[in-house]
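[1] Okay, predicted coordinates and the sequence, questions at the end:
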There are 2 protein chains.
Amino acid sequence: MGTSDGTLALSAFGSFTVGGRRVEITGRPAEIVRLSRDLPDYVADPNGAYSVGHAYVQYFIPAAARGLPVVFVHGGGLTGVCWEGTPDGRSGWLQYFLRRGQPSYVVDNVERGRAGWCPVPGIAEDSAPLLRTEQEAWDVFRIGPPDGYPGRIPYQGALFPCDHLAELTRQQVPRWVTTTELSVAAVAELIGKVGPCTVIAHSQGGGIAASAAAQTADLVQALVLVEPHGLPEAAGFSASAGRQLIVAGDFIDFSPLYLKLRARWHAYLGELRELGVTADYLDLPGAGHPGNSHLLMMDGNSDDVAALIAGWLESVAEKG
Amino acid sequence: MGTSDGTLALSAFGSFTVGGRRVEITGRPAEIVRLSRDLPDYVADPNGAYSVGHAYVQYFIPAAARGLPVVFVHGGGLTGVCWEGTPDGRSGWLQYFLRRGQPSYVVDNVERGRAGWCPVPGIAEDSAPLLRTEQEAWDVFRIGPPDGYPGRIPYQGALFPCDHLAELTRQQVPRWVTTTELSVAAVAELIGKVGPCTVIAHSQGGGIAASAAAQTADLVQALVLVEPHGLPEAAGFSASAGRQLIVAGDFIDFSPLYLKLRARWHAYLGELRELGVTADYLDLPGAGHPGNSHLLMMDGNSDDVAALIAGWLESVAEKG
């Protein structure tokens, strides 16, 4: 249940929200509901004002803060929980970057986790949300081949903690597919609030974070995109934009979905370089680190991958 | 965005889940959805295995831990966020008890916040969930009289940070009224995992925590119920059960709902005393602390109320 690799001294932690808007509902019927045995006939009236479309941000400020703040943006179907630990109980990238002294901001994006969502019809999240099955997680997170799922036989050399698939499925939350623009707006507002920063973003969060970075002038000094999808047009960035890094794991050659995404990653990085933006690619197996799934921050070598990212952040900072 | 009242040294923090079960779905149709511009024709197949009915727990372990661990259980429509800060940006009861050295476990109970929920029909959360309007929050959290809401005129002397109502509404999440038993089971599992502990629970969480405490023998050595509802029968506790305290705020005389709950609190405490259980009542205005709403942990004197609770915990510990 815990980690014990040294003390982490914080000057502050807490949370706030970004993004969203206020809506007013009128003309809907009230209903009587049972809130508890003491309140069996509570009148729930849906008419009135709601806050919708905001993101939740939990922040941690090291006592001896140094380096750029880090904004962490999770991928689709997950929340900020993905950064604070691994399914097998090791500490996460959040703790890794906090121990380096970097103030850290962990997002639960619009309609995910502690951001909440609006169940009142006609206001916000109206389509049916999706929740990933365990097998879909196995496939889309590239833990093993599709025909390996029944026997839970992962790719050879896979580093995802396969004995803890259930812990992964309990991290998953419903997601709507209609809230990308709201999510980009929330992350852009957060970046504006934090100021010059590093953003580390995963999967769907990579596309959201890159879109937000393009909207916030040059505040994002380093953008780490961990196997992103939904990337914006590179043309949205100026030549003075911060450096970008795409990090890719293993077993991509076995997945038509990721082969397609990898082609997009290279096209995006190439377009950035043409604009004069520093745009690097970290192919983990090619760099001597085989075995990573799509969930790099949860794999058995998660701290090693974090160290590689930290090394890249330092190298680009030195280049000034 | 932060607090700066001294360094907080942690040996660990992170999260895990408790409770819940695995379900398998078959025979449902798949659909094609657009996950992002890169994945416009993704096949979402709902058939397979899901984890449902679990609670999320975020834990913080002080480096110089001392005293019983504290389990925090939020009320209806809120999440663990209610303990980590106030709507006006002060630090919360979580930080208060961490600074005392107590390891702390913050629950997002079943279908709330980071616990996620199951949108697949026929499995778990099937009824329509409720989300509180701002006016309902004003009324049910006893911030001001109902006719004060249009002008945001609170009760005279009210200590809730009324200028930050929007921050409160953004903390609210949808809630189902059908998951109390699952929530009790999750909290009981958490108590079993943590071992001897103090539980601090608010509103609906008070009923849930008291029910869980009654099911976990005498592991809960002190149970602090902040304006609870849904309390179990006192007969569920043995004479050797831990001490219990109900904490009540101000303006109850103006609220038929809370007048009813207050009568229930006194009946419950009386029944506990007859069983030989130490059962105390802290009437804040009667003790010289006027002005509290139902959200005692967010009111302007939240640290003072925490200090009163900490004092009670010490006094019952001394009686040993």
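    Good, I have the coordinates.

[2] Now do the contacts for A:L269.
    Taking Cβ atoms under 8 Å, 6 or more residues apart in numbering or on different chains, we find A:L269 in contact with A:Q244, A:I246, A:A279, A:D280, A:Y281. In this view, the C-beta of every residue, glycine as well, is placed from N, C-alpha and C.

[3] For the helix or strand containing it, list the C-alpha coordinates in PDB.
    Following DSSP states H and E, one finds A:L269 within helix A:256-275. The C-alpha coordinates for helix A:256-275 follow below in PDB (Å, rounded to 0.1, in the frame of the first residue of the first chain):
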ATOM      1  CA  PRO A 256      -2.300  -2.100 -36.800                       C
ATOM      2  CA  LEU A 257      -3.700   0.700 -34.600                       C
ATOM      3  CA  TYR A 258      -0.300   1.700 -33.300                       C
ATOM      4  CA  LEU A 259       1.400   1.300 -36.600                       C
ATOM      5  CA  LYS A 260      -1.000   3.900 -37.900                       C
ATOM      6  CA  LEU A 261      -0.400   6.200 -34.900                       C
ATOM      7  CA  ARG A 262       3.400   5.800 -35.200                       C
ATOM      8  CA  ALA A 263       3.200   7.000 -38.800                       C
ATOM      9  CA  ARG A 264       1.300  10.000 -37.500                       C
ATOM     10  CA  TRP A 265       3.900  10.700 -34.800                       C
ATOM     11  CA  HIS A 266       6.700  10.800 -37.300                       C
ATOM     12  CA  ALA A 267       4.700  13.000 -39.700                       C
ATOM     13  CA  TYR A 268       3.900  15.400 -36.800                       C
ATOM     14  CA  LEU A 269       7.500  15.600 -35.600                       C
ATOM     15  CA  GLY A 270       8.700  16.100 -39.200                       C
ATOM     16  CA  GLU A 271       6.300  19.000 -39.600                       C
ATOM     17  CA  LEU A 272       7.400  20.600 -36.300                       C
ATOM     18  CA  ARG A 273      11.100  20.400 -37.400                       C
ATOM     19  CA  GLU A 274      10.200  22.100 -40.600                       C
ATOM     20  CA  LEU A 275       8.800  24.900 -38.600                       C
END
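
[4] average model confidence for it?
    In this model, helix A:256-275 has an average pLDDT of 97.

[5] Tell me where the stretch 1-150 of chain A has strands.
    A:8-25, A:31-33, A:42-44, A:48-62, A:70-73, A:104-108 (DSSP state E, counting those that start in this stretch).

[6] quick revisit: closest one of the contacts of A:L269 to chain B?
    Taking Cβ to the nearest Cβ as the measure, chain B lies nearest A:I246 of these, at 12.9 Å.

[7] so that closest one, which of the three states?
    Using DSSP: H, G, I helix; E, B strand; the rest coil as the criterion, the local structure at A:I246 reads strand.

[8] Now stretch A:209-220: average pLDDT?
    Averaging the model's pLDDT scores along stretch A:209-220 yields 95.

[9] now swap in stretch A:43-50 and tell me
    Computed over stretch A:43-50, the mean pLDDT rounds to 92.

[10] and the closest residue to A:I25 other than its chain neighbours, how many neighbours?
    Of all residues not flanking A:I25 in the chain, A:N47 sits nearest, at 5.3 Å (Cβ to Cβ, 6 or more residues apart in numbering or on different chains). Other residues near A:N47 number 15, with proximity taken as other Cβ atoms under 10 Å in any protein chain shown.

[11] list the contacts for the residue lying closest to A:G53 once chain neighbours are set aside?
    Distances taken as Cβ to Cβ, 6+ apart place A:G20 nearest to A:G53, at 4.1 Å, with adjacent residues excluded. For A:G20, the contacting residues are A:S51, A:V52, A:G53, A:H54, A:A55, A:V110, A:L182, A:A186, B:R170, by Cβ under 8 Å, 6+ apart.

[12] Please tell me how far the fifth one sits from chain B.
    From A:A55 over to chain B the distance is 10 Å, taken as Cβ to the nearest Cβ, to the nearest Å.

[13] Please apply the same query to the first one.
    Going from A:S51 to chain B by Cβ to the nearest Cβ gives 4 Å.

[14] Now the stretch 201-320 of chain A against chain B: closest residue?
    Proximity of the stretch 201-320 of chain A to chain B (Cβ to the nearest Cβ) peaks at A:G230, 2.9 Å away.

[15] Show the pLDDT at that residue.
    What the model reports as pLDDT for A:G230 is 96.

[16] for A:E227, same thing?
    The predicted local confidence for A:E227 is 98.

[17] wait, isn't it in contact with A:A248?
    Yes - the criterion here is Cβ atoms under 8 Å, and A:E227 meets it with A:A248 at 5.9 Å.

[18] got the contact list for A:Q244?
    Contact partners of A:Q244, counting by Cβ under 8 Å, 6+ apart, are A:A210, A:A222, A:L223, A:V224, A:L225, A:L269, A:L272, A:V277, A:T278, A:A279, A:D280.
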